[in-house]
Every structure is written in C-alpha cells, then in structure tokens.
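Chemist: need a 3D model of the sequence below.
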Amino acid sequence: MSVLDTLVTDRTGPGPYDWRDFNRVQGAVDELVALFASYGYQVPVTRLPEWSREDVAFASQCAAYIANVQALRDVLDQLPTTPTCPASMNGWTWGAANDLEQILVDLEDALRRLELSATVPCGAAECGGDYF
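Modeler: From the prediction side, this is the model:
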C-alpha cells in the first residue's frame, strides 16, 4: 500500500499532531516527487529527517515541511476545491492539517488523470483521430 493511501483529510480532533503525521506527510511528499520526476517535472524539496516519538520539530523544519507541500502544489494547476497551503504551522489547527494532506491527495489524483488522458483506450492511435 502506498503512503498516499494513508493520508488523513477528515480529522476532527482532539488529539496530537505528532511524529507519525510528519512521517506520513513526508513519505507522501517523497512519493509525489518521484511521480512528478517520472513525468519530467523536477520539484525541489528539502529532505527532512525520519521522525521518532522523542523528536521535536524546529521552526526551520516546520517551515520546510510546509514549503515542500507548497512546492508540489505549485507544479500543476489545481482543482477549484484544492485548499491553499497553510502559510506556517503557527496556530496549527485540524483544518490546516486536513488541508495540507488534501493537497497531496489532489495532486496524486491530478497525476493519475494526466496519466489516463495520455492513454489511448483501444485501437491504433492515428493523427487526427478522436484522441489527438
């Protein structure tokens, strides 16, 4: 199973936003960067550490965490329903956490649609045909 299948977009609280959330989002970022690279898009992201229960995120790491998602979001035009990327983790809310992961879900969906739109459903592809 892909980490993209584990993204959480429906938190209602209460509960912590912890190392597991950081690892899940960073894993999804890594997968999307690889997918974008397979389509020829190079997305510059900051590699963050794998988090453990004892870790505390520094402000610079939190900024890079958000910037990584924003860098991915900036590559493609998004659906009108795709949320904007939170500006920072200051005053972090469940809504902001949901939005961050929803962006990643929408990006995967956009890439899958791009993949499908470039595929001829059946028969030979011909110039001037229905699909080109």
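Chemist: SS state for A28?
Modeler: Three-state call for A28 (DSSP: H, G, I helix; E, B strand; the rest coil): helix.
Chemist: excluding covalently adjacent residues, which one is nearest to it?
Modeler: Once flanking residues are discounted, A28 sits nearest to L104: 4.7 Å by Cβ to Cβ, 6 or more residues apart in numbering. From N, CA and C alone the C-beta is placed, and that goes for glycine too.
Chemist: surely the one you found and G27 touch.
Modeler: No: assessed by Cβ atoms under 8 Å, L104 is found out of contact with G27, at 10.0 Å.
Chemist: so which of the two has more stuff around it?
Modeler: A direct count of neighbours by other Cβ atoms under 10 Å for L104 and G27 places L104 higher, at 22 against 16.
Chemist: residues in contact with that one?
Modeler: L104 is in contact with 4, 7, 25, 28-29, 32, 69, 72, counting by Cβ atoms under 8 Å, 6 or more residues apart in numbering.
Chemist: just checking, which of those residues belong to helices?
Modeler: Among the contacts of L104, the ones falling in helices (DSSP state H) are 25, 28-29, 32, 69, 72.
Chemist: ok, those vs R112, which is closest?
Modeler: In terms of Cβ to Cβ, no member of those lies closer to R112 than L32, at 11.4 Å.
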